[in-house]
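*Asks:* I would like the atomic coordinates for the input below:
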Amino acid sequence: QVQLVESGGGLVQAGGSLSLSCAASGRTFSTYAMGWFRQAPGKEREFVAAITRSGGSTYYTDSVKGRFTISRDNAKNTVYLQMNSLKPEDTAVYYCAARVYNGGSYSSRHNYQYWGQGTQVTVSS
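*Replies:* This next block holds a predicted model:
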C-alpha cells in the first residue's frame, strides 16, 4: 500500500511559477516510479510528467516540456513538480501517482496503482 498527499497548489498569474509536492508513505519510496497527472473540468485526466525509481530518467508531455520539471528526493519520500511560465491552459487539479508494478507506458494513467487526492492549480490570464 502507498499513501500520497499533494500540496502546493494555488492561484497564480500567467507567467508565474508554482511548486507542487507529493509526500509518500507506506511502501519503500525508492522502489517505484512516480508520475504527475492533471484533470481540467470536463476533460479526461492527462499525463504531465513521470520519473523513474532512481530519478535517473524523466518524461514529459509535449505541452509542458521546457516549463515543468519533475524531481524526487528518495530520502524525504517526496516527488516534486516545479512549474514555470504557467499558462491559463495549465489550470487543473493535479494528482501525483505511484507506479508500483512495472510495465507499460509511463504516460498511461492505467499503469499507476495509487493516487493522491489532488491539488488545485489555477492560472489567471
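
*Asks:* check which helix or strand the residue most central in space within the chain maps to.
*Replies:* Nearest to the geometric centre of the chain sits residue 36, at 2.0 Å (Cα atoms, centre = their mean). Element membership of residue 36, judged by DSSP states H and E, is strand 33-39.

*Asks:* the chain: strands as residue ranges?
*Replies:* 2-7, 10-13, 18-26, 33-39, 46-51, 58-60, 68-73, 78-83, 92-99, 114-115, 119-124 (DSSP state E).

*Asks:* pairing partners for the last one, with directions?
*Replies:* Each strand that pairs with strand 119-124, with its direction, by DSSP bridges: strand 10-13 (parallel), strand 92-99 (antiparallel).

*Asks:* give me the angle between the longest one and strand 46-51.
*Replies:* The reference is to strand 92-99. Relative orientation of strand 92-99 and strand 46-51, computed by axes from the mean of the first three to the mean of the last three Cα atoms, to 10 degrees: 50 degrees.

*Asks:* how about residue 94, what does it touch?
*Replies:* Neighbouring residues of residue 94 by Cβ atoms under 8 Å, 6 or more residues apart in numbering: 6, 9, 20, 36, 37, 38, 48, 81, 118, 119, 120, 121. From N, CA and C alone the C-beta is placed, and that goes for glycine too.

*Asks:* residue 5 too?
*Replies:* Residue 5 is in contact with 22, 23, 116, 117, counting by Cβ under 8 Å, 6+ apart.

*Asks:* looking at those residues, which is nearest residue 93?
*Replies:* Of all those, residue 93 sits closest to residue 117, with 9.2 Å by Cβ to Cβ.

*Asks:* tell me the pLDDT of that closest one.
*Replies:* At residue 117, the predicted lDDT confidence score is 97.

*Asks:* now swap in residue 73 and tell me
*Replies:* On the pLDDT scale, residue 73 gets 98.

*Asks:* and residue 94, how close does it get to residue 56?
*Replies:* 23 Å (Cβ to Cβ, to the nearest Å).

*Asks:* just to revisit the earlier point, narrow the contacts of residue 94 to those that are buried.
*Replies:* Among the contacts of residue 94, those buried by neighbour count (16 or more other Cβ atoms under 10 Å) are 6, 9, 20, 36, 37, 38, 48, 81, 118, 119, 121.
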